[in-house]
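Novice: build the 3D model from these lines:
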Amino acid sequence: MASWFYASEGKQQGPFPEGQFRDLISQGVVRPDTLVWTEGMAGWQKAAEIPGLVGGGPPMVPAGGPPMMGSGGYAGGGGEGSLAVDFGILEFTWRTLVLAIGSCFVIPVPWLFVWYTNWIVPCIKVPGRPNLSFTGSAMTLVPWFFGFIVLAIAIGVIGSTLLSNLLFIAQIVLYWLLIKWMIANLASNGQPLGLSFTGTVWAYVGWNLLFAISIITIIGWAWVAAAQMRWFCRSIEGTRREIVFKGSGLDILWRGIVAAILSSLIIPIPWVYRWIMNWFASQTVLAPRGSQGA
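Specialist: Model prediction:
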């Protein structure tokens with residue numbers, strides 16, 4: 001039996017068995033203009049465009065096609081392989097300078113961050129996910145960001161060490177919320193991917209505290225970073241393919257040392273950043289679920 005998904009307010013709902021999905025149609029939850037998807041379709045379509053779906057006729061028989069990645073509605077085919085990053089050095093340089101200089105004025109930060117993210121996300125190439133994009137709004141960030149600024153100022157006035165430590169934890173929690181928000185707002189070909197980040201806030205805080213402690217060991221941070229990346233990939237749901245990070249701690253260590261040395265020369269920074277991003281992308285692999293344990 002086919003499993004169906006539909007889009008509501010920019011988010012995918014489902015999967016629903018054929019019978020339950022037809023009940024949603026009869027109840028008016030899924031309307032003729034609602035975008036729907038089932039396995040075998042090349043992308044999202046309006047329910048009215050699918051023969052026999054809204055009219056109550058025989059169910060559409062999918063015409064086959066490439067496997068789909070997500071819990072449903074990703075436009076385009078699936079496919080395995082590693083991610084890649086592609087952007088121009090000059091464009092990266094001027095955009096990064098605008099972001100850095102503009103951030104000094106504090107107030108524009110949410111808008112600058114979304115502007116920069118809207119540029120960098122399409123530079124990430126995902127197998128089977130053409131035209132990756134970001135749909136988040138800066139207004140979502142405004143209460144988080146300015147709430148944190150007010151909290152930081154208040155703690156600075158009080159001058160308590162305990163409160164300063166709590167501010168550090170609050171900052172990590174905000175980063176966790178930012179990750180969840182960013183992943184939930186990824187789209188392909190203009191349609192939401194329906195991804196979600198399910199790593200708990202306590203796990204995220206724990207990983208960051210472990211990373212901070214590991215810096216004392218001089219080199220141990222690299223192995224913690226590799227393990228955290230694997231946890232991060234496992235915590236992304238909404239895909240039939242596994243997201244696997246294959247890089248090792250040693251790989252991260254020597255690249256981190258080289259990047260630090262070259263970045264100290266200032267001019268190579270854009271090339272170093274692209275090199276590091278390309279390596280992390282190449283080590284992030286999409287594979288059939290269960291294949292990594294085989």
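
Novice: lowest-confidence helix or strand of the chain?
Specialist: None of the helices or strands of the chain scores lower by mean pLDDT, DSSP states H and E than strand 11-17, at a mean of 78.

Novice: can you give me the buried ones in stretch 275-282?
Specialist: Buried residues in stretch 275-282, counted by 16 or more other C-beta atoms under 10 Å: 275-277, 279-281. (Each C-beta comes from the backbone N, C-alpha and C, glycine too.)

Novice: now, the most widely separated pair of these?
Specialist: 275 and 281 (10.9 Å; C-beta to C-beta).

Novice: how about the helices in the stretch 101-250 of the chain?
Specialist: 109-120, 138-158, 161-184, 201-214, 220-234, 249-263 (DSSP state H, counting those that start in this stretch).

Novice: and those helices as TSV, adding mean pLDDT?
Specialist: Below are those laid out as TSV (pLDDT from 0 to 100):
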stretch	mean pLDDT
helix 109-120	96
helix 138-158	88
helix 161-184	90
helix 201-214	95
helix 220-234	96
helix 249-263	96
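
Novice: for residue 82, which of the ones you listed is the nearest?
Specialist: Checked against C-beta to C-beta, the stretch from those lying closest is helix 220-234, at 12.0 Å.

Novice: which strands or helices does the closest one pack on?
Specialist: Counting contacts by 3 or more C-beta pairs under 8 Å, 6 or more residues apart in numbering; DSSP states H and E, helix 220-234 packs against helix 201-214, strand 241-245, helix 249-263.

Novice: now the least confident helix or strand of the chain against helix 161-184, angle please.
Specialist: Inter-element angle recorded for strand 11-17 and helix 161-184: 60 degrees (by axes from the mean of the first three to the mean of the last three C-alpha atoms, to 10 degrees).

Novice: can you name every helix or strand that strand 11-17 contacts?
Specialist: By 3+ C-beta pairs under 8 Å, 6+ apart, strand 11-17 packs against strand 3-8.

Novice: how about residues contacting the strand it packs on?
Specialist: 12-18, 21, 24, 29-30, 34-39, 44, 47, 71-73, 191-192, 194 (C-beta atoms under 8 Å, 6 or more residues apart in numbering).

Novice: how about stretch 166-186?
Specialist: Counting by C-beta under 8 Å, 6+ apart, residues outside stretch 166-186 touching it are 11, 117, 121, 132-136, 140-141, 144, 148, 151-152, 155, 192-193, 195-197, 199, 201, 204-205, 208, 236.

Novice: which among the residues you listed count as buried?
Specialist: 121, 132-136, 141, 151, 155, 192-193, 195, 197, 199, 204-205, 208, 236.

Novice: residue 50 against residue 37, yeah?
Specialist: No. Look at residue 50 against residue 37 with C-beta atoms under 8 Å: they stay out of range, at 9.8 Å.

Novice: pick out whichever of those two has more residues nearby.
Specialist: Applying other C-beta atoms under 10 Å to residue 50 and residue 37 shows that residue 37 carries more neighbours, namely 28 against 19.

Novice: break this protein down into its domains, please.
Specialist: 1-80, 212-294 (automatic domain parsing).

Novice: who does the least confident helix or strand of the chain pair up with?
Specialist: Sheet pairing of strand 11-17 (DSSP bridges) gives strand 3-8 (antiparallel).

Novice: good, we can wrap up now.
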